[in-house]
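Visitor: Quick one, what's the 3D model for this:
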Amino acid sequence: MTSQEIRQSFLDFFASKNHKIVPSAPMVVKDDPTLMFTNAGMNQFKNIILGNDPIKYPRVADSQKCLRVSGKHNDLEEVGHDTYHHTMFEMLGNWSFGDYFKKEAIEWAWEYLTEVLKLDKNRLYATVFEGYPAEGLNRDDEAAGIWAQFLPVERIINGNKKDNFWEMGDTGPCGPCSEIHIDLRSDEERAKIDGLTLVNGSHPQVIEIWNNVFMQFNRKADGSLEELPAKVIDTGMGFERLCMAIQGKTSNYDTDVFTPILAEIGRVCGSEYGKDEKTDIAMRVIADHVRTIAFSITDGQLPSNAKAGYVIRRILRRAVRYGYTFLSQRHAFMYKLIDVLCEVMGKAYPELIAQKTLIEKVIKEEEESFLRTLETGMRLLDKVLDDAKKSGKTVIAGKDAFTLYDTYGFPLDLTELILRENGMTVNINEFNAEMKIQKDRARNAAAVETGDWVTVREGESEFVGYDFTTADTEIIRYRKVKQKNKEYYQIVLSKTPFYAEMGGQVGDCGVLKSEDETIEIIDTKKENNLAVHIAKKLPADVTETFSAVIDVEKRKATECNHSATHLLHEALREVLGTHVEQKGSYVSPDSLRFDFSHFQKMTKDEIRVVEALANKKIRENYPLQEKRETPIDEARAMGAMALFGEKYGETVRVIQFGNSVELCGGTHVSATGNIGMVRIMAESSIAAGVRRIEAITGKAVEKLLDEQQDILTDAKELLNNTPDVLSALKKLTEEASDLRKKIETFQHAQILALRDKLIAEATEVNGVKVIRFEGDLPADQVKTLAFQIRNILPEKLFFVAGCVVDGKPSLTVLISDDLVAGGLNAVNIARDAAKEIQGGGGGQLFFASAGGKNAAGIQKAVAKALEVIK
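Guide: Below is the predicted model of the structure:
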């Protein structure tokens with residue numbers, strides 16, 4: 001079976017068991033502060049498992065694209081070195097929400113593996129949870145009993161809490177799990193060593209392929225467990241590992257998921273896979289990482305220096321580094337692999353093909369940028385090596401290696417490789433200590449202590465903010481959160497007009513009012529699909545009925561900016577072309593930011609036309625046409641654009657202003673005329689193939705126009721109220737330029753006259769012409785003077801100048817090359833003398849300068865410099 005046939009067979013099997021087959025969620029997670037990436041198949045169902053979303057389908061199956069590189073599930077450093085770990089991988093999974101449980105999950109897993117895929121039953125093992133008495137948890141005898149129908153008892157293995165008790169995080173749903181392992185070794189190897197001894201032993205051919213999680217409990221903040229009201233089945237099977245088992249391979253990279261990509265890497269880099277272990281590792285790293293990077297870009301996450309973008313940049317740079325070090329790739333090459341990636345995965349994930357050009361451009365620019373960084377790092381490391389060799393050292397400081405790593409992105413293993421080639425090592429303990437300091441700093445900055453939810457009353461939260469700005473409400477639950485030594489309270493309301501931050505739109509702020517007090521709501525966030533209102537304190541009586549009131553002025557300003565992004569999006573597509581697609585946005589009361597795909601800088605005329613089109617649509621005062629709960633296919637038929645990297649349900653909300661039709665969950669003006677006007681303030685590049693415009697609307701535009709009018713009026717007054725300000729300014733700058741040239745000519749003549757005077761007054765000490773100057777010349781003129789003198793006296797010259805300009809002293813030393821050859825050093829002379837003016841300096845062997853704080857010491861500084869020649 002091909003990989004595509006294997007994937008389809010899984011979905012077909014569970015469809016036959018009455019499971020709803022759903023599409024993969026985006027790999028990049030939005031609107032969940034606890035996750036940057038989808039790292040397990042269950043992520044998209046988390047809100048159902050937590051009880052925050054209703055159960056629409058009690059049985060579900062899918063193939064989910066996942067990424068594991070950071071946090072609890074960190075596989076990054078193992079990728080490429082072994083044959084079965086990946087950053088991006090597909091997780092085949094089936095779920096039950098309060099429907100079937102252990103019996104059906106295990107029986108269907110066995111049926112699919114042995115009857116549909118025909119895997120050898122004698123090569124399969126199952127693990128079950130052995131129990132954990134410290135928490136009152138017994139062995140999972142129920143699962144073991146079901147497995148006993150299919151496996152001999154000795155192939156049903158007890159697993160400890162680490163391996164066989166699955167937890168979503170420090171708190172939340174959890175439960176025992178049962179893993180299915182397969183032994184892919186040859187019959188000869190199996191005869192020598194029993195596979196039982198190798199299960200969970202990190203053997204590359206005795207591996208876990210499927211994990212069945214039985215969610216029975218909820219872990220509370222105090223560590224205690226309580227039974228879940230509706231039990232959940234959550235299974236996950238590594239697609240790449242399954243392909244390895246079915247296709248009779250001993251490595252995931254030998255399956256048809258990877259072989260075409262590896263072949264193309266070989267062609268591009270002039271290497272053959274399977275000939276050398278080091279190049280094989282490099283090729284595996286690149287084959288794995290290029291998939292991760294491409295899928296992240298399609299899901300809207302570009303490489304950057306922050307959060308999820310930084311993780312993607314690290315992965316890309318790791319691949320570039322392996323290509324640089326082991327495949328001798330000194331130029332960008334990974335972008336050339338996107339064609340073959342589309343061939344392998346484009347059918348299952350058409351977004352790859354749709355965004356192929358963008359993916360290639362982003363990767364190519366990132367590669368070229370990092371290759372420049374590597375060259376800079378190489379030069380810095382060469383200097384460290386030279387300094388160490390001169391000092392007779394064979395170990396360089398871990399602090400130096402960490403600076404290379406942290407400041408210049410130069411990886412430690414590359415530093416170690418280069419050092420080994422030079423017979424040197426790095427102080428790893430010192431490097432690790434520096435790394436720990438940085439990690440502790442980051443961890444402390446991000447550390448959040450979250451208490452358990454305190455339930456005030458049962459019920460679900462309802463958002464009414466599309467229609468109302470106030471609502472009578474009650475507190476359903478709350479909890480205390482502590483971050484950076486500040487305490488906040490998160491409050492969930494039964495009915496709320498507060499929009500929770502999502503889709504680029506900031507959350508509402510406002511107040512909760514009762515008869516006795518007013519509580520300020522400083523922000524509203526979305527967490528696990530709950531609108532969480534953030535307050536600095538709790539109401540005295542949380543059981544009261546409150547009036548929830550949003551800050552209407554801020555909401556209106558935000559709505560103006562949000563609706564304007566829709567109009568700008570449409571205008572950009574009209575002016576630049578239909579290749580323009582939204583890649584991100586940020587909407588606040590103050591301004592808007594809109595990121596979009598486009599491959600060159602917008603011209604001034606293009607910006608003006610886009611702005612004019614958007615303002616025309618504002619003046620036409622299109623009414624808001626809002627359609628809630630619209631079937632997704634119907635919305636697409638209306639022309640609504642679905643954004644890559646967004647997860648849409650079967651029904652969506654459609655926002656329409658004239659011909660602008662978008663899927664959107666944000667709040668908007670009732671008619672475009674309410675926006676007033678939009679003004680684009682900036683246009684820039686944020687990544688290869690992605691541009692950004694920043695704009696303001698409404699009152700902010702009024703304020704800008706007033707300020708610009710005031711500036712224009714003041715400028716006219718300064719220019720004698722001329723009607724043509726531009727011509728007057730042009731004339732003024734031309735006159736200023738002419739005068740500047742005359743001044744420079746005059747200053748140059750003065751410098752030449754001063755040069756001649758100083759040469760004539762020079763004294764001779766030990767055969768050297770000594771010239772001393774004290775005055776108030778600026779540093780640049782002193783330098784010109786010094787070099788003019790040097791032109792006349794190229795040998796046996798010692799020049800010292802001490803000047804004070806605006807109360808700031810400066811010292812200048814110039815010596816001829818023959819004096820340098822005789823052992824004098826202008827930098828040392830300047831630094832030593834600068835102590836008299838409480839300063840320091842630098843420069844070259846023949847010319848140096850120094851600044852200081854103590855102007856009164858300038859004469860002593862000059863005298864001290866002259867002592868050297870005496």
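
Visitor: Going by C-alpha atoms from here, please, whenever you check contacts or count neighbours.
Guide: OK.

Visitor: what comes into contact with the host helix or strand of Leu811?
Guide: In the assignment (DSSP states H and E), Leu811 maps to strand 808-815. For strand 808-815, the external contacting residues (CA atoms under 8 Å, 6 or more residues apart in numbering) are 779, 782-783, 786, 796-804, 826, 829-830, 834, 837, 846-855, 858, 861-862.

Visitor: In helices, which of the residues you listed fall?
Guide: Using DSSP state H, the subset of those located in helices is Ala779, Val782, Lys783, Ala786, Ala826, Ile829, Ala830, Ile858, Ala861, Val862.

Visitor: quick one: which of those residues is most hemmed in?
Guide: In terms of neighbours by other CA atoms under 10 Å, the ones in helices among the contacts of strand 808-815 top out with Ala830 at 30 neighbours.

Visitor: wait, what's in contact with it?
Guide: Residues in contact with Ala830 (CA under 8 Å, 6+ apart) are Leu811, Thr812, Val813, Gly840, Gly841, Gly842, Ala848, Ser849, Ala850, Ala865.

Visitor: ditto for Arg321
Guide: Neighbours of Arg321 in contact, by CA under 8 Å, 6+ apart: Leu414.

Visitor: now Ser224: how far from Ala834?
Guide: Computed with CA to CA, to the nearest Å, the distance linking Ser224 and Ala834 is 68 Å.

Visitor: neighbour-wise, which of these two wins?
Guide: Comparing Ser224 with Ala834 by other CA under 10 Å, the one with more neighbours is Ala834, at 30 against 11.

Visitor: which residues of this structure score low on pLDDT?
Guide: 31, 70-75, 445-447, 644-645 (pLDDT under 70).

Visitor: Secondary structure element holding the most centrally placed residue in the chain?
Guide: Compute the mean C-alpha point of the chain, and by CA atoms, centre = their mean the closest residue is Gly309, 1.8 Å away. Following DSSP H and E, one finds Gly309 within helix 307-326.

Visitor: For that helix, output the C-alpha coordinates as CSV.
Guide: What follows is helix 307-326 as a C-alpha-only set of coordinates in CSV (Å, rounded to 0.1, in the frame of the first residue of the first chain):
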residue,chain,number,x,y,z
LYS,A,307,7.0,32.8,20.0
ALA,A,308,5.8,30.4,17.3
GLY,A,309,7.7,32.2,14.6
TYR,A,310,10.9,31.8,16.5
VAL,A,311,10.4,28.0,16.8
ILE,A,312,9.9,27.8,13.0
ARG,A,313,13.0,29.9,12.4
ARG,A,314,15.0,27.6,14.7
ILE,A,315,13.9,24.6,12.7
LEU,A,316,14.7,26.2,9.4
ARG,A,317,18.1,27.3,10.6
ARG,A,318,18.8,23.8,12.0
ALA,A,319,18.2,22.4,8.5
VAL,A,320,20.3,25.1,6.8
ARG,A,321,23.1,24.4,9.3
TYR,A,322,23.1,20.6,8.5
GLY,A,323,23.2,21.4,4.8
TYR,A,324,26.0,23.9,5.4
THR,A,325,28.2,21.6,7.5
PHE,A,326,27.6,18.2,6.0
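
Visitor: Run the chain-centre distance for it.
Guide: Centroid displacement of helix 307-326 relative to its chain, using CA atoms, centre = their mean, to the nearest Å, is 13 Å.

Visitor: tell me which residues in it are buried?
Guide: 308-309, 311-325 (16 or more other CA atoms under 10 Å).

Visitor: likewise stretch 718-727?
Guide: Within stretch 718-727, the residues that count as buried by 16+ other CA under 10 Å are Val725.

Visitor: now the end-to-end length of it.
Guide: By CA to CA, one end of stretch 718-727 lies 14 Å from the other end.

Visitor: Repeat that for stretch 830-850.
Guide: OK, stretch 830-850 end separation, CA to CA: 6 Å.

Visitor: Also stretch 143-158?
Guide: Stretch 143-158: ends 11 Å apart by CA to CA.

Visitor: quick one: contacts for Gly459?
Guide: Counting by CA under 8 Å, 6+ apart, the residues that Gly459 touches are Ile476, Ser494.

Visitor: no wait, Ala557
Guide: Ala557 touches Ser588, Pro589, Asp590, Thr697, Gly698, counting by CA under 8 Å, 6+ apart.

Visitor: ok, how many other residues are close to the first one?
Guide: This means Ser588. As a burial measure, Ser588 scores 21 neighbours (other CA under 10 Å).

Visitor: just to revisit the earlier point, for the following helix or strand past the helix holding Gly309, which residues meet the burial criterion?
Guide: Going down the chain from helix 307-326, the next helix or strand is helix 338-345, by DSSP H and E. The neighbour-count check on helix 338-345 (16+ other CA under 10 Å) flags Ile338, Asp339, Val340, Leu341, Cys342, Val344, Met345 as buried.

Visitor: what does stretch 251-268 give?
Guide: Quick answer for stretch 251-268 (16+ other CA under 10 Å): 251-266.

Visitor: Can you tell me which of those residues is closest to Val549?
Guide: Comparing those against Val549 with CA to CA places Val257 closest, at 54.2 Å.

Visitor: For the closest residue to the closest one other than its chain neighbours, list the residues it contacts.
Guide: Nearest residue to Val257, sequence neighbours excluded (CA to CA, 6 or more residues apart in numbering): Ser3, at 6.4 Å. Counting by CA under 8 Å, 6+ apart, Ser3 touches Cys243, Thr255, Asp256, Val257.

Visitor: Filter the residues you listed down to the ones in helices?
Guide: Using DSSP H, the contacts of Ser3 in helices are Cys243.

Visitor: could the contacts of Ser3 be laid out in a markdown table, adding distance to Glu142?
Guide: Formatted as a markdown table, the contacts of Ser3 follow (distance: CA to CA, whole Å):
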| residue | distance to Glu142 |
| --- | --- |
| Cys243 | 30 |
| Thr255 | 36 |
| Asp256 | 38 |
| Val257 | 37 |
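
Visitor: ok, so of the contacts of Ser3, who is nearest Asn164?
Guide: Cys243 (23.9 Å).

Visitor: hmm, back to that, now the two most distant members of the contacts of Ala830.
Guide: Taking CA to CA, no two of the contacts of Ala830 sit farther apart than Gly842 and Ala865, at 14.3 Å.

Visitor: Verify the contact between Phe326 and Thr279 for me.
Guide: Yes: between Phe326 and Thr279 a contact is recorded at 5.7 Å, counting by CA atoms under 8 Å.

Visitor: For Asn305, identify the helix or strand it belongs to.
Guide: Applying DSSP H and E, one finds Asn305 in no helix or strand.

Visitor: Distance-wise, check it relative to Tyr499.
Guide: Distance of Asn305 to Tyr499, given as CA to CA: 29 Å.

Visitor: and these two? which has more neighbours close in?
Guide: Ranked by neighbour count (other CA under 10 Å), Asn305 and Tyr499 place Tyr499 first, with 28 against 12.

Visitor: Work out for me the element the more buried one sits within.
Guide: For Tyr499, there is no helix or strand it lies in under DSSP H and E.

Visitor: what residues are up against it?
Guide: Applying CA under 8 Å, 6+ apart, the residues contacting Tyr499 are Phe463, Gly465, Gly507, Asp508, Thr524, Ala531, Gly666, Thr667.

Visitor: list the contacts for the fourth one?
Guide: Taking CA under 8 Å, 6+ apart, we find Asp508 in contact with Phe498, Tyr499, Ala500, Glu501, Ile522, Asp523, Thr524, Ile550, Asp551, Lys554, Arg555.
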